[in-house]
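> sequence isn't available, so here's the structure alone:
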């Protein structure tokens, strides 16, 4: 599976803020925020590094996708993962829509996947232009 990703040397809180702002600037609505660290701690008593999933969607593209194929629901959200690694660097990643929506043999879905690819690449570019972003070595 192919991902869009980037790495930075910044605090986790700044990284989450940068990801949220970048998603909003590209027209994404964040519909859910899942703190995997807290979920694992609460339900399995496991301590994990900071690991957050921002589930986002672009509403106009969601509408087009559902109108073209009402069974597409499981692939509509773009989950942006923000995770801090043991070296302190933060990784941002999201699955390439060509690997999800783009695999549906439907001309509208392929078009939507291409638009999402472009938007998600812009999200990564926006994150990289965040004021506190410093590319990790």
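On my side now, so go ahead. Quantities reported herein were computed from a predicted structural model and do not represent experimental measurements.

> state the number of residues packed around residue 105.
By the criterion of other C-beta atoms under 10 Å, residue 105 has 7 neighbours. All C-beta atoms are positioned from the backbone trio N, CA, C, and that covers glycine.

> all further residue positions should be reported with the first residue as 27.
Got it, first residue is 27 now, which makes that one residue 131.

> what sits against it?
If a contact means C-beta atoms under 8 Å, 6 or more residues apart in numbering, then residue 131 has no contacts.

> so what's it scoring on pLDDT?
For residue 131, the model assigns a pLDDT of 73.

> same question for the one 4 residues further on.
We have a pLDDT of 79 for residue 135.

> just the one 4 residues further on next, same as before
As summarised for this prediction, residue 139 has a pLDDT of 86.

> host element of residue 156?
For residue 156, there is no enclosing helix or strand under DSSP states H and E.

> spatially, what comes nearest to it if we skip its sequence neighbours?
Residue nearest to residue 156 in three dimensions, not counting chain neighbours: residue 44, with 3.7 Å by C-beta to C-beta, 6 or more residues apart in numbering.

> after the helix or strand where that neighbour lies, next one along is what?
Secondary structure from DSSP H and E places residue 44 in helix 38-51. Scanning forward in sequence from helix 38-51 by DSSP H and E, the next helix or strand is strand 55-61.

> can you state the direction angle for the lengthiest helix in the chain and helix 38-51?
Once the chain is assigned using DSSP state H, the helix that runs over the most residues is helix 133-154. Taking axes from the mean of the first three to the mean of the last three C-alpha atoms, to 10 degrees, helix 133-154 and helix 38-51 form an angle of 140 degrees between their directions.

> lovely, talk soon.
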